[in-house]
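Engineer: Just the structure for this:
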Amino acid sequence: MFLPVATTLVVGYVLGLLATILTVLSIDESRPWSLVAALPLQLLGAGLFGTITGSVSAGAMGLSVSGSVFVFVVPLLFLLVQAGSLAVTSHVAERRVPSDTASVRWITALTQGLSYSVLITVLALIGSIAYSSEGAMFSVTTASVSLFAGALVIMTLSAVIGRASTPGARREAKPFGVGLRLPAALSSALWIALGYAVAASLVVGIALIIGVTVQSGPRALLSAPLWLPTAAVDALAVMHFGQLSAGGTLMQAIGTGTPSSIWIGSADPWVVVVDVVLVIVLIAVAGTLLRVLRASRPMAPVAAWASSVGAFALVGLLISLFGSVAASGSVGGFVSGSLTVGPAAYTFLLFAALGALVEVVSRYVAGYVLGVLPAGFVARLNRVALRFVSSTPPASLARPHVSVAPFAGAPEVGEPVVTDPNAATSAPATTASPAVTTPPTNPLDPRTKKRIVVGSIVAGSVIVVAVLASVGLSIANGVVNAPQAKVSEYLDALVEGDASRALQLSDVDAPNSERLLLDDEIFRAAAGRITSYDITSVTTSGDTANVTAEVDQDGSKATMQFTVESRGKQWLFFDDWKLDRPEQSTLPVYIDESLDQVEVNGVPIELSDEQRGEGLSLIAFPGRYDFSISKSSRWLTAEPVSGTIMAGSVLGSTNPVALEPEATPGLTEEISKQVDAYLAECIASTSLEPDNCPNDLYYSYGNPTNVVWSLTEAPEYEIRISYDGTMSVTTTKTGSASVTYKYTSGGERDGSNKTTIRVSGDVKIDGDKATFVPDSNGY
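Structural biologist: Sure thing, here's the model as predicted:
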């Protein structure tokens, strides 16, 4: 009795553990491996209608905040696995040890359901998730009254269904203890509605897998066991022109008070066309199969119509139930409210209308479809149908005889089907097998039948081509033309050092004087560029997409934000996205006016007048930029300086980049020769007041003759470069000179004197020529 319960728990936990591990592996950030052991139990609890109860508490700066949240969502995979596993294991147990009566089966199933509900509730409570991060504590559990009640009902029913479906139980008149045989009209409609939902779920599931793979990469599919079944249910509503809406008072707390919704009409036209085609095909198939199921079961038209509408309406209600997420809660009194996300309330009405369309096809179209199909195929369909509509299939099947209805119209479902009377008398009455009647068909002449077959092949080919084209177009718009594709192309250009391509994708707003670093050769030679990146999120709203990328630059991680705008379509079908201008990172640079050429990352750059002598804010891509004096410069040198632009930052380097030029030894030597020659010329003067010389001795009387200057101590000087780029010779240590002369004062007399010697002047550079120009105003 309890082995099925234990087996179901183990199977469910193993599946939950596998799903949890895959989900953790799909996370790019720090992975919460501590949740792996506890999360499977909570998934099992949520799958049996357990309310997810979360609490949070945090404290900072003497303040403490606490809150709670309640979420109701049913992970379909874990519901189906638990219910299915208990049904199968109970079926096996019942076959090994059959129950004497239906009452015993119910008591056994109820015991199993009660045991499972107690165990899963206790395990969910013991396995509550506790997680702490940055001073905040989180706890989550699904242990609740709703879990106990949901597990009791669902698992009891699963166990009794598994036990009542054994061959021994089915031989009883009432395997469930009561008469549960559904009317033929309703049972056939329920089978078709269920099959329709499963087939449509497979279609939207494949579409979701393709879409998620294209948008977020294959890794996102690792977490598919958690979200794919529920997402497929929601997509069923959208596929049939329902809305997936979000609303509630909590919407205001997250930025909007207006409910938002998604419906197929807001998609691209080609998506709508493909969706309509798929729905029409599914309706046609469902209607045809419904006609086959009801072919041998007489029923009133009212019952048939009501059953089809009701069965599909029930599917719509289940979609609304299992596709919805409801949440409520409050945090510290600051944020409180409720939120609901799921199919619109009128979804069941849409599916009721869908059921009516299926009934219409079954009555007025399916006969023509069956008339086109091969008789053998129709017979096989009928044999399969008998398995669903008959609790005890016939012992043998006679060769089917196709009933022929007047061409004017097919008989109503449920009308008597006339078979060939000879078939009934061709064998002795004691050995006659029941004839298998095929669904009523509309006879067609060979030419009309051929046209329909050819037309069907053409139409089917068109549909296949349309579906393949839509998938290809979806992949093209999701990979090649997706908004993140532009960001990837831009980041690829940054990784490869292709400045021109990056500017082509998104130009900068800056004058030419500030584009010095936006050069392919300079950027390609930059060290510390972005080496890799990963697109972490893409959020699309209307014609705008926000893309987040994590980049690796010189071993450091950084986040970059991008905005991409839609420009409509290219060639009618392909999305056309334009990358908005990213935030411009600038590098503050000062280049001395004396420099007309510098090197950046080893690349010589000619500087214009407006780029020299003033501070510049140069636009640059992420990377390191090394500034130095050109190696070809004969007269000037400077210590190399570097500035780095970090990804995701508009500030660039912490400190401005400034080249401080100095005189080269060659310039010092050249100017020293010229200064020495200048001083020698001044000392050789025979005047006490030589023009534009530092040995200018003011003499106001007499008529000095025989003037002889001697340089007692040569001055010391250096070449200085001012902030405006002017180069000058400046004395650092004063020299001295003496002079002897004769003068007349009541006769010829000998005179002598001393004076200080200081040298000053400008240094002019013109290409390879450096010239010392004495300061005429300095002496």
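Engineer: switch to C-alpha atoms for all contacts and neighbour counts from now on
Structural biologist: Fine.
Engineer: what does the helix or strand encompassing Val598 rub up against?
Structural biologist: Here Val598, judged by DSSP states H and E, is contained in strand 597-600. Applying C-alpha atoms under 8 Å, 6 or more residues apart in numbering, the contact partners of strand 597-600 are Leu517, Ile522, Pro604, Ile605, Glu606, Leu607, Tyr625, Asp626, Phe627, Ser628, Ile629, Ser630.
Engineer: Return the backbone torsion pair for the fifth one.
Structural biologist: Comment: the main-chain dihedrals of Glu606 come out as phi -80, psi 130, following degrees, to the nearest 10.
Engineer: likewise Glu660?
Structural biologist: Note on Glu660: its backbone torsions stand at phi -110, psi 100 [degrees, to the nearest 10].
Engineer: ok, it touching Leu636?
Structural biologist: No. The pair Glu660 / Leu636 is not scored as a contact, 9.9 Å apart, by C-alpha atoms under 8 Å.
Engineer: Now do the shared contacts for the two.
Structural biologist: Counting by C-alpha under 8 Å, 6+ apart, nothing touches both Glu660 and Leu636.
Engineer: what are the pairing partners of the strand holding Val598, and which direction each?
Structural biologist: Partner strands for strand 597-600, per DSSP bridges, with pairing direction: strand 603-606 (antiparallel), strand 623-629 (antiparallel).
Engineer: Need those strands in JSON lines (columns: mean pLDDT).
Structural biologist: Output for these, formatted as JSON lines (pLDDT from 0 to 100):
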{"stretch": "strand 603-606", "mean pLDDT": "85"}
{"stretch": "strand 623-629", "mean pLDDT": "89"}
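Engineer: Just name the most buried of the ones you listed.
Structural biologist: Of all the strands paired with strand 597-600, strand 623-629 has the most neighbours on average by mean count of other C-alpha atoms under 10 Å, namely a mean of 24.
Engineer: What strands flank the next helix or strand after that one, and is each parallel or antiparallel?
Structural biologist: Elements were assigned by DSSP H and E; along the chain past strand 623-629, the next helix or strand is strand 636-637. Here strand 636-637 is paired, per DSSP bridges, with strand 662-663 (antiparallel).
Engineer: Nearest to Asp498 among the contacts of strand 597-600?
Structural biologist: Distances from Asp498 to these, taken as C-alpha to C-alpha, are shortest for Ile522 (9.9 Å).
Engineer: how far away is that closest one from Ile605?
Structural biologist: 10 Å (C-alpha to C-alpha, to the nearest Å).
Engineer: try Met239
Structural biologist: From Met239 to Ile605 the distance is 61 Å (C-alpha to C-alpha).
Engineer: Ala286 too?
Structural biologist: 74 Å.
Engineer: Repeat that for Gly555.
Structural biologist: Here the criterion is C-alpha to C-alpha. By it, Gly555 lies 30 Å from Ile605.
Engineer: Ile161 should be in a helix, yeah?
Structural biologist: Yes. Judged by DSSP: H, G, I helix; E, B strand; the rest coil, Ile161 forms part of a helix.
Engineer: Around it, count how many other residues there are.
Structural biologist: Neighbourhood size, Ile161 [other C-alpha atoms under 10 Å]: 21.
Engineer: How about Ser99, nearest residue that isn't a chain neighbour?
Structural biologist: Once flanking residues are discounted, Ser99 sits nearest to Arg105: 5.9 Å by C-alpha to C-alpha, 6 or more residues apart in numbering.
Engineer: The one you found: neighbour count?
Structural biologist: Neighbour number of Arg105 under other C-alpha under 10 Å is 24.
Engineer: Please tell me I have it right and it contacts Ile161.
Structural biologist: No. The criterion here is C-alpha under 8 Å, and Arg105 misses it with Ile161 at 9.5 Å.
Engineer: can you pull out the strands in the stretch 601-750 of the chain?
Structural biologist: 603-606, 615-619, 623-629, 636-637, 641-645, 657-658, 662-663, 705-713, 716-721, 727-733, 735-744, 748-757 (DSSP state E, counting those that start in this stretch).
Engineer: The stretch 51-200 of the chain now?
Structural biologist: Under DSSP E, counting those that start in this stretch, the stretch 51-200 of the chain gives strands at 52-60, 63-72, 129-133, 136-141.
Engineer: how distant is the longest one from the center of its chain?
Structural biologist: Right, strand 63-72. Computed by C-alpha atoms, centre = their mean, to the nearest Å, the chain-centroid distance of strand 63-72 equals 28 Å.
Engineer: List the buried residues for that strand?
Structural biologist: By neighbour count on 16 or more other C-alpha atoms under 10 Å, the buried set for strand 63-72 is Ser66, Gly67, Ser68, Val69, Phe70, Val71, Phe72.
Engineer: Against Asp609, how distant is the fourth one?
Structural biologist: So that's Val69. 65 Å.
Engineer: residues in contact with the longest strand along the chain?
Structural biologist: When the chain is parsed with DSSP state E, its longest strand is strand 556-570. Here strand 556-570 makes contact (C-alpha under 8 Å, 6+ apart) with 483, 486-487, 543-552, 575-582, 647-648.
Engineer: Next: stretch 68-78.
Structural biologist: Contacts for stretch 68-78 (C-alpha under 8 Å, 6+ apart): 12, 16, 43-44, 46-56, 225-227, 229-230, 322-331.
Engineer: Low-confidence ranges, the stretch 151-300 of the chain, go.
Structural biologist: Applying pLDDT under 70 to the stretch 151-300 of the chain flags residues 173, 175-181, 250-260.
Engineer: just the helices in it please.
Structural biologist: Ranges of helices in the stretch 151-300 of the chain, per DSSP state H, counting those that start in this stretch, are 167-170, 184-216, 224-239, 250-253, 269-293.
Engineer: Tell me the buried residues in the second one?
Structural biologist: So the one you mean is helix 184-216. Buried residues in helix 184-216 (16+ other C-alpha under 10 Å): 184-194, 196-197, 200-201, 203-205, 207-216.
Engineer: can you check stretch 665-674 too?
Structural biologist: Leu667, Thr668, Glu670, Ile671, Ser672, Gln674.
Engineer: Can you add distance to Asn382 and give those back as JSON lines?
Structural biologist: Shown next, in JSON lines, are those (distance: C-alpha to C-alpha, whole Å):
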{"residue": "Leu667", "distance to Asn382": "106"}
{"residue": "Thr668", "distance to Asn382": "108"}
{"residue": "Glu670", "distance to Asn382": "110"}
{"residue": "Ile671", "distance to Asn382": "111"}
{"residue": "Ser672", "distance to Asn382": "114"}
{"residue": "Gln674", "distance to Asn382": "116"}
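Engineer: Could I get those in CSV, plus columns for pLDDT and distance to Ala37?
Structural biologist: Formatted as CSV, these follow (pLDDT from 0 to 100; distance: C-alpha to C-alpha, whole Å):
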residue, pLDDT, distance to Ala37
Leu667, 90, 76
Thr668, 90, 77
Glu670, 92, 81
Ile671, 91, 81
Ser672, 93, 82
Gln674, 93, 86
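Engineer: beta partners of Val56?
Structural biologist: Assigned bridge partners for Val56, using DSSP bridges, are Gly67, Phe138.
Engineer: Let me see the contact set for it.
Structural biologist: Val56 neighbours (C-alpha under 8 Å, 6+ apart): Ser66, Gly67, Ser68, Ala136, Met137, Phe138, Ser139.
Engineer: and the two most separated of the residues you listed?
Structural biologist: Longest span within these, C-alpha to C-alpha: Ser68 and Ala136, 13.1 Å.
Engineer: would you list every one of the helices in the stretch 301-450 of the chain?
Structural biologist: For the stretch 301-450 of the chain, the helices defined by DSSP H, counting those that start in this stretch occupy 301-322, 347-364, 366-372, 375-389, 421-425, 446-475.
Engineer: of all the buried residues of stretch 665-674, which comes closest to Ser308?
Structural biologist: Of the buried residues of stretch 665-674, the one sitting nearest to Ser308 (C-alpha to C-alpha) turns out to be Leu667, at 100.7 Å.
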